[in-house]
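Chemist: Any chance you can model this:
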Amino acid sequence: MDKKGKQTHILIIRLSAMGDVAMTVPIIRTLTVEYPELQLTVLTKKPFMPIFDGIENVQVKEADVKRRHKGLMGLWRLYKELKPLKLDAVADLHNVLRSRILKKYFALERVPFVQIDKGRKDKKALTRPKNKVFEQLKSTHQRYADVFTELGYPIDLSNAKPLERVQLSEKVLKLVQQDTKKWVGIAPFAAHEGKMYPLEFTEEIIQSLNNTDKYKILLFGGGAKEVEVLEQLANTYQNALCMAGKLNLSEELQLISNLDVMLSMDSGNAHMAANYGIPVVTLWGVTHPYAGFYPFGQPMENALMANREAYPLIPTSVYGNKVPAGYENAMKTIKPDKVLKKMLDILEV
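Modeler: Numbering: from 1, shown residues only. As a prediction, the model looks like this:
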């Protein structure tokens with residue numbers, strides 16, 4: 001598809017959720033390295049735009065799906081706004097109703113439009129209670145990469161390089177106050193209960209780390225309820241600081257890029273840290289890495305999972321939104337001392 005002597009311009013669509021948007025980064029970064037002649041424009045929601053800061057040859061365009069670009073007319077308006085970019089192709093990494101409507105509009109100009117195969121059938125087989133097919137599925141990163149292969153731009157993800165760590169702004173430095181302690185990020189929340197480690201276990205881990213006096217514990221989260229919980233923890237332990245509600249996303253990414261380790265659920269924070277090559281310890285409840293959402297480039301031994309002998313229906317869903325009766329305590333089979341040991345092994349290398 002490369003027009004000789006002309007820069008090829010590809011639109012990349014991925015509107016939500018934060019973790020899925022963050023998972024596009026290793027693919028986009030690798031594309032810019034392997035095909036420096038490509039011009040890439042990412043279409044995503046405004047809050048996620050900072051995720052792509054500092055990647056060369058990449059610009060970001062906002063999809064305002066709540067207002068300006070809502071409904072058929074809004075999507076037509078969006079299409080008209082994208083037209084002046086003179087796009088040569090579209091990589092749809094989302095494949096939802098909105099992007100399928102955009103596909104129809106782009107077809108008017110015969111712009112090649114390739115959509116991700118989400119592997120729904122395989123995911124269904126992995127998560128169903130009866131006749132479960134428990135095996136590793138293709139990673140979401142690879143599914144994203146396959147779209148570009150189809151457009152004529154194959155990439156080798158084993159060559160993917162992490163993003164460089166970002167220099168901390170005055171505001172962030174003032175908040176965290178640099179010293180000789182190593183920085184530990186902890187993101188204890190997830191979109192669904194089934195993916196969340198019991199808070200009393202998280203507190204045990206924070207307490208143990210705090211008592212060594214060797215680490216600064218930075219707590220991440222969003223939403224008023226989460227901020228309240230994290231503030232309470234920060235007030236209880238002198239080496240813990242609540243970052244939630246104090247930083248915008250680009251400041252949060254600065255901080256994440258400078259961590260020594262991140263402890264996260266199967267959630268967006270894991271992917272954002274992985275993009276910077278930060279070691280990430282992930283905790284898995286009713287979801288499982290086999291579904292293909294494992295943080296990029298992380299060794300599998302950094303994933304600590306609920307006991308499948310006790311809870312054989314795991315994974316019960318791809319997103320953690322289905323918790324069968326009796327599975328509420330699946331996460332309790334991951335003992336805090338095991339999590340702590342894993343984190344200390346990484347910190348003390």
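Chemist: Now do the same contact list for Leu230.
Modeler: Listed by Cβ atoms under 8 Å, 6 or more residues apart in numbering, the contact set of Leu230 reads 188, 219-221, 242-244. (C-beta placed from N, C-alpha, C; glycine too.)
Chemist: go with 7 Å
Modeler: Each residue near Leu230 by Cβ atoms under 7 Å, 6 or more residues apart in numbering is listed here: 219, 221, 242, 244.
Chemist: ok, so of the residues you listed, who is nearest Asn302?
Modeler: When these are ranked by distance to Asn302 (Cβ to Cβ), Leu219 comes first, at 19.8 Å.
Chemist: pretty sure that closest one is touching Leu247, no?
Modeler: No - using Cβ atoms under 7 Å as the test, Leu219 is too far from Leu247 to be in contact (11.7 Å).
Chemist: So if I had to pick from the two, which one is more boxed in?
Modeler: Neighbour comparison, Leu219 and Leu247: the larger count goes to Leu219, with 25 against 18 (by other Cβ atoms under 10 Å).
Chemist: mind checking the SS state of the residue lying closest to the more buried one once chain neighbours are set aside?
Modeler: In space, and not counting its chain neighbours, Leu219 is closest to Leu230: 4.3 Å by Cβ to Cβ, 6 or more residues apart in numbering. For Leu230, the assignment made with DSSP: H, G, I helix; E, B strand; the rest coil gives helix.
Chemist: Quick one: neighbours of the nearest residue to Pro315 once chain neighbours are set aside, just the number.
Modeler: Computed as Cβ to Cβ, 6+ apart, the closest residue to Pro315 that is not its neighbour in sequence is His288, at 3.8 Å. The number of residues packed near His288 is 26, by other Cβ under 10 Å.
Chemist: got it, and Glu37?
Modeler: 13.
Chemist: What separation do you get for it and Ile13?
Modeler: From Glu37 across to Ile13, the span is 21 Å (Cβ to Cβ, to the nearest Å).
Chemist: thinking again about what came up before, what's the farthest-apart pair in the contacts of Leu230?
Modeler: Farthest pair in these, by Cβ to Cβ: Gly221 and Cys242, 8.2 Å.
Chemist: ok so, going back, and the pLDDT at the residue nearest to Pro315?
Modeler: Confidence at His288, expressed as pLDDT, is 98.
Chemist: In terms of helices and strands, where is Val114?
Modeler: strand 113-115 (DSSP states H and E).
Chemist: And the strands in the stretch 101-250 of the chain, which stretches?
Modeler: Along the stretch 101-250 of the chain, the stretches classed as strands by DSSP state E, counting those that start in this stretch are 113-115, 182-187, 215-219, 240-242.
Chemist: now for the second one, which elements pack on it?
Modeler: Right, strand 182-187. helix 199-212, strand 215-219, strand 261-265 (3 or more Cβ pairs under 7 Å, 6 or more residues apart in numbering; DSSP states H and E).
Chemist: and of those, who's closest to Gly54?
Modeler: In terms of Cβ to Cβ, the element of these nearest to Gly54 is strand 261-265, at 19.1 Å.
Chemist: Name the surrounding residues that touch that closest one.
Modeler: For strand 261-265, the surrounding residues in contact (Cβ under 7 Å, 6+ apart) are 184-187, 189-190, 195-197, 256, 269-270, 273, 278-283, 339, 343, 346-347.
Chemist: strand partners of that strand, parallel vs antiparallel please.
Modeler: The pairing partners recorded for strand 261-265 under DSSP bridges are strand 182-187 (parallel), strand 280-284 (parallel).
Chemist: so the first one versus helix 199-212, what angle?
Modeler: So the one you mean is strand 182-187. 170 degrees (axes from the mean of the first three to the mean of the last three Cα atoms, to 10 degrees).
Chemist: Relative to the whole chain's centre, how far out is strand 182-187?
Modeler: Relative to its chain's centre, strand 182-187 lies at 17 Å (Cα atoms, centre = their mean, to the nearest Å).
Chemist: what's the answer for the shortest one, then?
Modeler: Offset of strand 280-284 from its chain centre (Cα atoms, centre = their mean): 13 Å.
Chemist: One more: stretch 157-173?
Modeler: 15 Å.
Chemist: As CSV, could you dump the C-alpha coordinates of that stretch?
Modeler: Presented in CSV, the C-alpha positions along stretch 157-173 are these (Å, rounded to 0.1, in the frame of the first residue of the first chain):
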residue,chain,number,x,y,z
LEU,A,157,6.6,-7.6,18.4
SER,A,158,9.6,-9.2,19.9
ASN,A,159,11.5,-6.1,18.7
ALA,A,160,9.2,-3.7,20.7
LYS,A,161,11.0,-1.3,22.8
PRO,A,162,9.5,0.3,25.9
LEU,A,163,8.8,4.0,26.1
GLU,A,164,11.5,6.1,27.7
ARG,A,165,10.9,7.2,31.3
VAL,A,166,9.5,10.7,31.5
GLN,A,167,11.1,13.6,33.4
LEU,A,168,9.0,14.5,36.4
SER,A,169,7.5,18.0,36.5
GLU,A,170,7.9,20.4,39.4
LYS,A,171,4.4,19.6,40.6
VAL,A,172,5.0,15.8,40.7
LEU,A,173,8.4,16.2,42.3
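Chemist: Can you give me the buried ones in that stretch?
Modeler: Of all the residues in stretch 157-173, those buried under the rule 16 or more other Cβ atoms under 10 Å are 160, 162-163, 166, 168, 172.
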